[in-house]
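1. Have a look; sequence and predicted model below, questions after that.
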Amino acid sequence: MDPHLLRTYVAVARLGSFSAAARELGYTQSAVSQHIAALEADLGLPLLARRPVAPTPAGARLLEHAGSLLLRLDAARADLARYAAPPRRTLTLAAAPLALHPRVLDALPATGVTLRTLPRDEVPAAVATGGADLGLVDGVTAPSDPLRLPDIAPLTARPVAEEPLVVVLPAGHPLARRTGLDLADLVDARWLDAPGAGLPLDRLRAAHGAPGGHGFRPSLRYEGADARTVAALAAAGHGLALLPRSAAGDASAAGAALVPLAAPRLVHRTELLHGGEPDGPAAELVGRLGHRETAAR
């Protein structure tokens, strides 16, 4: 299967238009039509209905494979390009919002750094395809358990930090004086839905093992990336939030109570990702963090 033809197909299916795909890809509309016809001939199946332009059942199935296939090819190209590239003098660091642990910020080189905040699920792809030299990802795990990464390229992961989780709630909440909270006791509470700045509710459900994805009802959705705003919303009574202790910061000054999560035994883990052997400022940051390689996947 020719990846150039596959990229054209993905663009046409996404845009629903041969002409729009031609403009985006820099081809003529005739060339786009030829690409689609050649791919359909190769697979022996119609992939697109023409009026309106939409994937056939076989085409929809192909789209399920296409993203990971093309990402894997881009990752391989970027990985091999590192062998011919001169030593880097700058550093691009892609990071999920909650992965910006103070330990990393303290270790950053003084100059030449670009810090790019991305949704946590996009960070591995950015590193694998050369969009970033290093990546910071985070998640909730059992102590010392590595994070699960998508299988898109050989990425090396190094542990950066593990820290306790705290439940953020108003200071006057009935549970605010507890010395610790069990997640099982909070399943029916109202929660803030803050996928970019907090721990996504689906991960809380998975951590608790809530059957059928039930529980942890969202009350307010916050689409920003500032954990301090999440803590302030929780303090104001708009819903509970679960945050790493460092991200919760001085939320108590805003009228919030920070109660440690006692059960299940979970931590917030941050890992540093890279592909190949870091050089220049990337190697400097890895050295400052002082961690040996722990996993390659």
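-> Structure received.

2. so where's this structure shaky on pLDDT?
-> Low-confidence regions of the chain, defined by pLDDT under 70, span residues 210-213, 250-254, 291-297.

3. For it, which segments count as strands?
-> 48-50, 53-55, 91-95, 113-117, 134-141, 156-163, 165-170, 181-182, 190-193, 217-221, 241-244, 256-263, 267-274, 295-296 (DSSP state E).

4. Comparing those strands, which comes out most buried?
-> Among the strands of the chain, strand 241-244 has the highest mean neighbour count (mean count of other CB atoms under 10 Å), at a mean of 26. C-beta here means a position set from N, CA and C on the backbone, and glycine is covered the same way.

5. just the CA coordinates of it, formatted as CSV?
-> Extracted C-alpha coordinates of strand 241-244, given in CSV (Å, rounded to 0.1, in the frame of the first residue of the first chain):
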residue,chain,number,x,y,z
ALA,A,241,-10.8,17.6,41.6
LEU,A,242,-7.9,15.2,42.0
LEU,A,243,-4.5,16.7,41.4
PRO,A,244,-0.9,16.0,42.1
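
6. partner strands of it, parallel or antiparallel?
-> Applying DSSP bridges, strand 241-244 is found paired with strand 165-170 (antiparallel).

7. Direction-wise, compare the strand it pairs with with strand 134-141 and give the angle.
-> Orientation check (axes from the mean of the first three to the mean of the last three CA atoms, to 10 degrees): strand 165-170 against strand 134-141 gives 80 degrees.

8. The strands of the chain: which one's closest to residue 14?
-> Minimum separation from residue 14 across these (CB to CB) falls at strand 53-55, 9.9 Å.

9. Which residues does that closest one contact?
-> 12-13, 16-18, 47-49, 62-63 (CB atoms under 8 Å, 6 or more residues apart in numbering).

10. who does that strand pair up with?
-> Short version: by DSSP bridges, strand 53-55 pairs with strand 48-50 (antiparallel).

11. Quick one: residues in contact with the strand it pairs with.
-> Contacts of strand 48-50 (CB under 8 Å, 6+ apart): 9, 12-13, 36, 40, 54-56, 59.

12. Return the set of buried residues in stretch 96-113.
-> 96-101, 104, 107-108 (16 or more other CB atoms under 10 Å).

13. Is it correct that residue 127 is in contact with residue 135?
-> Yes - using CB atoms under 8 Å, residue 127 is in contact with residue 135, at 4.1 Å.

14. Give me the phi and psi angles of residue 147.
-> phi -70, psi 150 (degrees, to the nearest 10).

15. list the contacts for it?
-> 137-139, 141, 157, 269, 271.

16. now these in CSV, with distance to residue 117?
-> Listed next are these as CSV, based on distance: CB to CB, whole Å:
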residue, distance to residue 117
137, 12
138, 12
139, 16
141, 22
157, 19
269, 19
271, 16
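
17. closest to residue 235 among those?
-> Nearest to residue 235 among those, with distances taken as CB to CB, is residue 138, at 22.5 Å.

18. Please name the bridge partners of the closest one.
-> Beta-bridge partners, per DSSP bridges, of residue 138: residue 270.

19. who are the neighbours in contact with it?
-> Here residue 138 is in contact with 96, 98-99, 120, 147, 244, 268-271 (CB under 8 Å, 6+ apart).

20. Make a markdown table from those residues and add distance to residue 227 to it.
-> A markdown table is the format used below for the contacts of residue 138 (distance: CB to CB, whole Å):
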| residue | distance to residue 227 |
| --- | --- |
| 96 | 11 |
| 98 | 6 |
| 99 | 11 |
| 120 | 13 |
| 147 | 19 |
| 244 | 8 |
| 268 | 11 |
| 269 | 16 |
| 270 | 13 |
| 271 | 18 |
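
21. Could you report the neighbour count for the nearest residue to residue 189 once chain neighbours are set aside?
-> Leaving aside its chain neighbours, residue 189 sits nearest to residue 240 (5.3 Å; criterion: CB to CB, 6 or more residues apart in numbering). By other CB atoms under 10 Å, 22 other residues sit near residue 240.
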